[in-house]
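J.: pasting the sequence and the predicted model now:
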Amino acid sequence: MSFLDKFRSKAKDAVDQHGDKIASGIDKAAKVVDDKTKGKYSDKIGTGTAKAKEALDKLDGKNDDIPDDKPGTSSP
């Protein structure tokens, strides 16, 4: 098993076990950035947040870890 295969396996396990905490961290980071930019890039931050959560769901091949948020409706 190569290094990348081992890394992907560990990342998959982490997302499977702690997906909700990771999603919460993404939301917190998005809020900090949105506050620092005074809302100037809110739409782009919301889109990026949604894409990051989508990527987490795809990592382990399941759509069960991260709550579904529609882009633009979640508050970063």
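T.: That came in fine, so what should we check first?

J.: biggest helix in this structure by residues?
T.: Ranked by number of residues, the top helix in the chain under DSSP state H is helix 3-36.

J.: by contact count, what packs against the helix or strand just after that helix?
T.: Note on helix 3-36: by DSSP states H and E, the next helix or strand toward the C-terminus is helix 42-59. In terms of contacts (3 or more Cβ pairs under 8 Å, 6 or more residues apart in numbering; DSSP states H and E), helix 42-59 is packed against helix 3-36. For every residue, glycine as well, the C-beta is placed using N, CA and C.

J.: what angle separates the helix it packs on from helix 42-59?
T.: Relative orientation of helix 3-36 and helix 42-59, computed by axes from the mean of the first three to the mean of the last three Cα atoms, to 10 degrees: 160 degrees.

J.: sort out which residues of the longest helix of the chain are buried, please.
T.: Within helix 3-36, the residues scored as buried using 16 or more other Cβ atoms under 10 Å are 15, 19, 22-23, 26-27, 30, 33-34.

J.: now for these, which pair is the farthest apart?
T.: The distance between the two most remote of those (Cβ to Cβ) is 24.1 Å, for Val15 and Asp34.

J.: for Lys51, state which of the buried residues of helix 3-36 is nearest.
T.: Taking Cβ to Cβ as the measure, Lys51 lies nearest Ile26 of these, at 10.1 Å.

J.: quickly note the distance from that closest one to Ala55.
T.: Between Ile26 and Ala55 the computed distance is 10 Å (Cβ to Cβ, to the nearest Å).

J.: what of Gly48?
T.: 10 Å.

J.: same thing with Gly39?
T.: As defined by Cβ to Cβ, Gly39 lies at a distance of 25 Å from Ala55.

J.: what's the answer for Arg8, then?
T.: Separation of Arg8 from Ala55 (Cβ to Cβ): 13 Å.
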